[in-house]
Every structure is written in structure tokens, then in C-alpha cells.
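A.B. asks: just need the structure, nothing else, for what follows:
(2 chains)
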Amino acid sequence: MWASLQSALQPAPTAAALVRNLILSVAGSVLLLAVLHRFLGPRGRRWLIAFVTFIGGLYLGLEYFLPVRKQILWPTGIPNPNPERAANLLTPGIEPVGIMLSVIGAFTVGLGVYSLCQVHGRNVAQRRAGWHNSLAFFLAMLAMLIFGLWAHYLPKLDTPSETKPWAESVYELLFNGLFMPLQAATFSLLAFYIASAAYRAFRIRTAEAALMMAAAFIVMIGQVPIGAWLTSALPTTGTVAFFRLEALGEWVMSWLNTPAQRGIVFGIAIGALAMSLRIWLSLERGTFFSEQG
Amino acid sequence: MTERATGFWERFQQIPRYYIYLLLAAVVIWQILFPMPLPIAPSRATQGVYDAIAAVPDDKLILISTDWDASTQAETGPQTEALIHACLQNHKRFAIMNLQPPMGVKLANDIAERVAAEYGAEYGVDWCNWGYKYGFDNVLIAMAKNIPKTIGDDFYGDPVTDLPMMKGVQDISSIGLVIEITGLAAITEYWIGLIQGVYGTPFASAYTAVMAPGYYPFLDSDQMKGMLVGAKGAAEMEVLVHRPARATVIMNVQSWAHVLIIVLIIVGNLGYLFARTRGRQRA
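C.D. replies: This next block holds a predicted model:
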């Protein structure tokens, strides 16, 4: 079964096979969706999704936790096709399932683009407030899409000395000259906000606030070279070396921060486990179609 | 007299934010134009990353997962560059890949191309780029079992099996070290949970300074061989590979920016303290 699934998920060997596979896949998907839409009500859809979710979670969980052997696919006596890697009965399916999940996940990108186009298209069509921002979205997306694909599918240059094709130059300009600086500039504004917020909000009103400020000062100075420079007169070995600012900063991070973070991580892990179980068993309210009753 | 003094201390607490922005910008520009060289000593965490790279057996690859974009490039860019220097100086072959966000793979590729040219390292022989792979945990689970099949094509769209350095690369046992460079939380948990924990593949990381504190427990438990903490980690790695570059400049700027922020906090608190004392005296 896994072998046939694996072969079905292999890249098409020829262009004709690719087109044939594409047509068959689209037609099959449309047919399946039409049948489901015709014969399944909201309740049926919910059950179907809950069932698929349960089977998916069960498969991945069992594959991870079941014992593995090198010679056979445990618990059967079927020989392991790759004896160098220990496996169980479910292991051969991991690759095709992984590829399948990646393909399904990739559809969400298309869904995201469709949703963005729908929202911004409506803004432009109805001339809503800020419609010019929506127009900028379309222009930016189309420019990156056209020049990106154009540059990607251009024949590769044989020698580096050849002049770049203009489509690639435009793409580089859009990516390196516009997109990157815009993103970096947006994030770098945080430095100014943090400086201003620290000055305005960080007040020693309680003993806890004083402790927090002392720790912050030690880490802020200890984590930059000026900390090492300020206490460079202290020896680098022995008891006194502990009072060098970089050593103090390291101590705060390793001895105070680490246990606190570990506690937080344990808490998050337990919460995530509980949430995963609830989603896997479709017990979480609002997981699927809850608004449809 | 008392009224004037109280007003003075209250004003200390209410410096307009535009002055603070200007002060910070002035400090940054001052240190970029006239840097004051400060000592940079590699920390234990950075040394751990370097040692882990040096310890990779020659028949294995180093996998660098470059999960960052332009928003964190000031820290993750120099980290990537310094780590590639460390790989090539130690004659280790490495592969770049990207799980999220997709633009990281091109940014890292540009850096790798530039650094590799310095050492005469050849694409496909000394290094390669596996490109952006969608699917986080699914990619890692499948890759652990079969790398060529999971990766498929490289960054340039060619089959990875055609690359000379990929000959004999089958599964995760062909990887001697995974280095995760990221500004995103939660990706490390995938690597540790699905690769390091299950197969024992050595793991090291490079994070933005703001997210690094959350990962010290993994360093302490030795699940992580080392960690580069923000631009500081990159600057320390630049010291280890004897290539002082952008991160070293950034650390000078950051040093004085931190001093400015501390001074501002002290000024604000002095204003608060004296204004409160005056208020109590008047009451």
C-alpha cells in the first residue's frame, strides 16, 4: 500500500505525465468535493473531519511510539526494506504522508492569497477608506510575482561576467532594494520605542521592581562589550572574577533565568499536551464548524 | 523655591519622546562613524558552537537551518556569515535549508555565495542549498528517514542527488550537526523533539537576543551544544574565526545604546524619587 502511495507521489517523469496527473488530480478533487457537498450536511462534515483528524493523529503517534527493529517491520515478520534504519510497520508510510501533508499545507498558502485578494479587491472596488493601500498590495504582489517567476525561469548564465538579464535585475531591485529595507526598517523602529518605553514606564515603586531593575542592568551591561571593559581591572580567574560584569550577566542568565524558563517550559508543554489531546479527539470547542451548529 | 524644584524633578520624568529618539539616533550614528573598539571575549555558549562545528566528522554534513528574514537580519545575518566562516575554515561541508520564513533561504544563499567565494569553496562540492521546505514537523520527520526524497530539488531547482557532496547522504545519520539560526520561537522545539532527541544528532543554535533567554535550559541540559546570543554571539564568533565584521560594529553601537537606556531609566527614577519626596514633604 505504502509503495503504491509512494509511487503516486513521485514527480512526473515527463511533461505529458505531469499534465495528465494534474488534470486527474483536479478532476478527482472536484468530484470528491461535489459528492461530499451533496451528501454530507454540517453534522456529517464535522464527523468526517473529526475522523480524519483522529486517524492522522493516531498514525503519527503510533509510528513514533511503537517499537522498531532493523530486520523486520515490527510487529510483522515483513523484512525491513532499509535494514540500516530500524522501523515498525508504520514507518515506511512516514515519507509519503509527510509529502502529502506538505502538499495539503501548501494549499493554505493559496487560500491565504485568495483571501487577501478578496478583502483588498473589495476595498478597491468599493473605494473604501484606505483603498490605495489595497491597490499597493496588488501592485506589489503582481510585481514580485511576475519578475520573480520571470527571473527564476530565465536560462542560467554560463559565465558570471555576462550582464544580468533585466528581469533578474528588476527582481533583485524589488527584493534587495525595496522589500528587505522596508522590513528591516519596520523592525528597527522597535529600538526607539523600547528606549522611550523603558524611560517612561520603568519606575522603582516596589522591592520587586528594584530587583528586576538590578537584574536588567547587570544583563544589559554584562551582555555587551562595555561591561567587560568597565570591569576589566578585575582578574579573570579566582573568586573576584565572579564580579566581572560579563560573568555576573552569565550567572544571572544561567542560574536565575534558566530555572524560571524551565518551569515555564514544563507548564507550556503540559498545556500543549492537553490541548493537543483535546484537538485530536475533537473535544475542543470551536475546533470545527462550531458556528454551524 | 520648593515649587521650582518639584517642577524640575517632574520635568525629569517627562522628557519628550522625540528627544529620546534623537539621543538614541545620535548615539547610533556616533558609534557607526567613530567606533570605540571594545574587548570581545567569546562566551561559553559561543565557544560550544565553534567546538561542535570543529568536532563534526569529515564524512558528515553540517545542516544550517536559516529560519530568519530581513526583520532580524541585523543579528541573524552576521550570525549566519560567521558560522559559514567557521564551517569553511574547519573544512566542513554544509547545507543550508529553510523552514520559515521563506525569504531567509535567499538571504542566506547570498551570504554563503559571498563567503564561499573567499575560500574558493564550490557549490555542490563544499556547500549546497536545499531551499525552502514547507511543513515544519512533517519535513523533519520525513527528512530523518530519507533526505534526498524529502528535499527533492535544491534552491536552484536541480535534484539534490545530482550534487557531488550529496553522494552517500541518505538519512539524518549523514548529518553531523544541525545549526538552527532563527528569530522565530518554537522551531527549535521541533528540531530538539524530532531530531536531536530521537536520533541524537548534535544540535546548536543562533537566536536573536530577545528570544535567547528562553533557550538556556536546553544549553544547560546539553541538548544544545552551544548557542549564539544575538549580535553578541555573532561578534564572539567573528573573534573565533578572526574575521571582525558587521557584528563587531553592531556591538559597539549596542554597548553605548544600552548605556544610554540605563542612564535614561536612572534619570526617570531620580525624577520620580525626588518628586515623590517633595510631595511627601509638602503633604
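
A.B. asks: show me how the chain divides into domains.
C.D. replies: Let's take chain A. Domains of chain A are assigned by automatic domain parsing as A:2-128, A:206-293.

A.B. asks: switch to chain B, please.
C.D. replies: Structural domains assigned to chain B are B:2-34+B:251-282, B:44-244, following automatic domain parsing.

A.B. asks: give me the neighbour count for residue B:66.
C.D. replies: Neighbours of residue B:66 under the rule other C-beta atoms under 10 Å in any protein chain shown: 29. C-beta coordinates here come from the backbone N, C-alpha and C atoms, glycine included.

A.B. asks: I meant to write residue A:20 there.
C.D. replies: That count, for residue A:20 with other C-beta under 10 Å as the rule, works out to 12.

A.B. asks: and what of the one 4 residues further on?
C.D. replies: Taking other C-beta under 10 Å as the criterion, the count of residues near residue A:24 is 10.

A.B. asks: now do the helices in chain A.
C.D. replies: Under the criterion DSSP state H, chain A contains helices at A:2-8, A:15-39, A:42-65, A:94-125, A:131-153, A:166-172, A:180-201, A:207-222, A:225-230, A:245-251, A:258-280.

A.B. asks: same thing with chain B?
C.D. replies: For chain B, applying DSSP H gives helices covering B:2-13, B:17-33, B:44-54, B:73-89, B:104-119, B:137-145, B:147-151, B:187-191, B:197-199, B:216-220, B:230-240, B:246-282.

A.B. asks: export those to a markdown table and tack on mean neighbour count?
C.D. replies: Compiled in a markdown table, these are given as follows (neighbours: other C-beta atoms under 10 Å in any protein chain shown):
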| stretch | mean neighbour count |
| --- | --- |
| helix B:2-13 | 13 |
| helix B:17-33 | 15 |
| helix B:44-54 | 20 |
| helix B:73-89 | 25 |
| helix B:104-119 | 19 |
| helix B:137-145 | 22 |
| helix B:147-151 | 21 |
| helix B:187-191 | 21 |
| helix B:197-199 | 13 |
| helix B:216-220 | 21 |
| helix B:230-240 | 26 |
| helix B:246-282 | 18 |
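
A.B. asks: lowest-confidence stretch among these?
C.D. replies: When mean pLDDT is averaged over each of these, helix B:2-13 scores lowest at a mean of 66.

A.B. asks: ok, back up a step: any chance of CSV for the domains of chain A, columns distance to chain B and mean pLDDT?
C.D. replies: Supplementary listing: the domains of chain A in CSV, determined by distance: least, C-beta to the nearest C-beta, whole Å; pLDDT from 0 to 100:
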stretch, distance to chain B, mean pLDDT
domain A:2-128, 3, 87
domain A:206-293, 4, 89
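
A.B. asks: tell me the centre residue of chain A?
C.D. replies: Relative to the mean C-alpha position of chain A, the nearest C-alpha, by C-alpha atoms, centre = their mean, is the one of residue A:105, at 10.8 Å.

A.B. asks: dump the residue contacts of that residue.
C.D. replies: B:134, B:135, B:138 (C-beta atoms under 8 Å, 6 or more residues apart in numbering or on different chains).

A.B. asks: now residue B:169: closest residue in space that isn't a chain neighbour?
C.D. replies: Spatially, and ignoring its direct neighbours in sequence, residue B:169 is nearest to residue B:147 (5.5 Å; C-beta to C-beta, 6 or more residues apart in numbering or on different chains).

A.B. asks: my read is that the one you found contacts residue B:168, right?
C.D. replies: No - using C-beta atoms under 8 Å, residue B:147 makes no contact with residue B:168, being 10.6 Å away.

A.B. asks: now tabulate the helices of chain A in TSV and tack on distance to residue B:227.
C.D. replies: TSV is the format used below for the helices of chain A (distance: least, C-beta to C-beta, whole Å):
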stretch	distance to residue B:227
helix A:2-8	38
helix A:15-39	44
helix A:42-65	27
helix A:94-125	28
helix A:131-153	34
helix A:166-172	33
helix A:180-201	21
helix A:207-222	15
helix A:225-230	18
helix A:245-251	12
helix A:258-280	12
